[in-house]
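*Asks:* For reference, the sequence and a predicted model appear below.
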Amino acid sequence: MISVIIPHFNQPEHLDRCLTALQAQRGAAPDTEILVVDNGSKLLPEAIVARHDGVRLLQEPTPGPGPARNFGVAQSRGDILAFIDADCVPSPDWLAVIARRMAQGATVLGGDVRILQEPGTPLTVVAAYESEFAYRMEHYIRRQNFTGTGNLAMRRQVFDTVGPFAGIGIAEDRDWGHRAHALGHVITWAPDMLVFHPARDSMTELCRKLDRHAAHDFELITAKPAGRLRWIGRIGAMAVSPLAVIPRVMLSSRIPGGLGGRLKAFRGVTGTRLYRARRMAQLIGARDPDLLVSRWRE
């Protein structure tokens, strides 16, 4: 059995779309259960879940997608655990790919994430930027030994061995992946295990994500010897880094919209990296870097 676990927080329309896409493919993986774990939404998505047969709605009040996923695992029955975010749309064969790759011997799978570009909608700067830079799953798996929890599958015994996802104060995807790697588990890159994620609506929303990542990185790096000096060096590198990614942007196959899309992506990467450099500098003198972490739920 595959247990699909979906943390949810104030995204009922996205959740409905995700569940619709999952139910359309259950014929290819009939032994599947779907669990939605609400994480403190203003309105419990009971009506949305009721539209979809066989979907269970649970509640986890502890803030953070990690605790929500953990509770879903505790309530699930499958030997394969598949995690997807409520605002993602799985490809039509997502469940079938998971089942096939697990049957071939994989124990942990990290899939690809692409930007969901609705037909007929204009490509925004944020969408162009995120198409190339937001979800670098292959890089994370091959170079940094973790993958995103929004498109992740594993055998239950791996989860039992590695342990639960961390809470809101830690980048739970990176933390879990590093613990799994330390125990000898291999995360298999699965580009055919594909989900689509909508681009953020604005630069403000994107900057909240960047703030959260900066705070996590700051605490991780400055906890080590000479960490603050390394952090200062990273600030300078971040400020000049847009120039280094020009070839990557121009040659990317992930950015839609031709040359215009690539120019928008370069505008996005320049703006976000200068913003990140400024926020990184502010963290050096911040009394409480964790304040940036909490912004993700605003």
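*Replies:* Structure received. Residues are numbered from 1 along each chain as shown.
*Asks:* Show residues contacting stretch 261-274.
*Replies:* The list of residues contacting stretch 261-274 from outside it, by Cβ atoms under 8 Å, 6 or more residues apart in numbering, reads 123-126, 128-133, 203, 206-207, 210, 238-239, 241-242, 245-246, 249-250, 252, 255, 257. For the C-beta atoms, the positions are set from N, CA and C on the backbone; glycine is no exception.
*Asks:* switch the cut-off to 10 Å
*Replies:* By Cβ atoms under 10 Å, 6 or more residues apart in numbering, the surrounding residues in contact with stretch 261-274 are 117, 122-134, 203, 206-207, 209-210, 237-243, 245-246, 248-252, 254-257.
*Asks:* show me where the stretch 51-200 of the chain has strands.
*Replies:* Chain-ordered strands for the stretch 51-200 of the chain, with DSSP state E, counting those that start in this stretch as the definition, fall at 55-59, 80-84, 89-90, 108-116, 151-155, 187-198.
*Asks:* Show me the one of those strands that comes nearest residue 11.
*Replies:* Of all the strands of the stretch 51-200 of the chain, it is strand 187-198 that lies closest to residue 11, at 10.0 Å by Cβ to Cβ.
*Asks:* mind listing what's buried in that closest one?
*Replies:* Residues of strand 187-198 classed as buried by neighbour count (16 or more other Cβ atoms under 10 Å): 187, 188, 189, 190, 193, 194, 195, 196, 197, 198.
*Asks:* Give me the sheet partners of it and which way each runs.
*Replies:* For strand 187-198, the paired strands and their directions (DSSP bridges) read strand 89-90 (antiparallel), strand 108-116 (parallel).
*Asks:* ok so, going back, what's the farthest-apart pair in the buried residues of strand 187-198?
*Replies:* Pairwise distances among the buried residues of strand 187-198 were taken by Cβ to Cβ; the largest, 26.2 Å, belongs to 188 and 198.
*Asks:* Reformat the strands paired with strand 187-198 into TSV and put mean neighbour count next to each item.
*Replies:* Putting the strands paired with strand 187-198 into TSV (neighbours: other Cβ atoms under 10 Å) gives the following:
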stretch	mean neighbour count
strand 89-90	22
strand 108-116	22
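*Asks:* Any chance of CSV for those strands, columns mean pLDDT and distance to residue 69?
*Replies:* Putting the strands paired with strand 187-198 into CSV (pLDDT from 0 to 100; distance: least, Cβ to Cβ, whole Å) gives the following:
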stretch, mean pLDDT, distance to residue 69
strand 89-90, 98, 16
strand 108-116, 96, 14
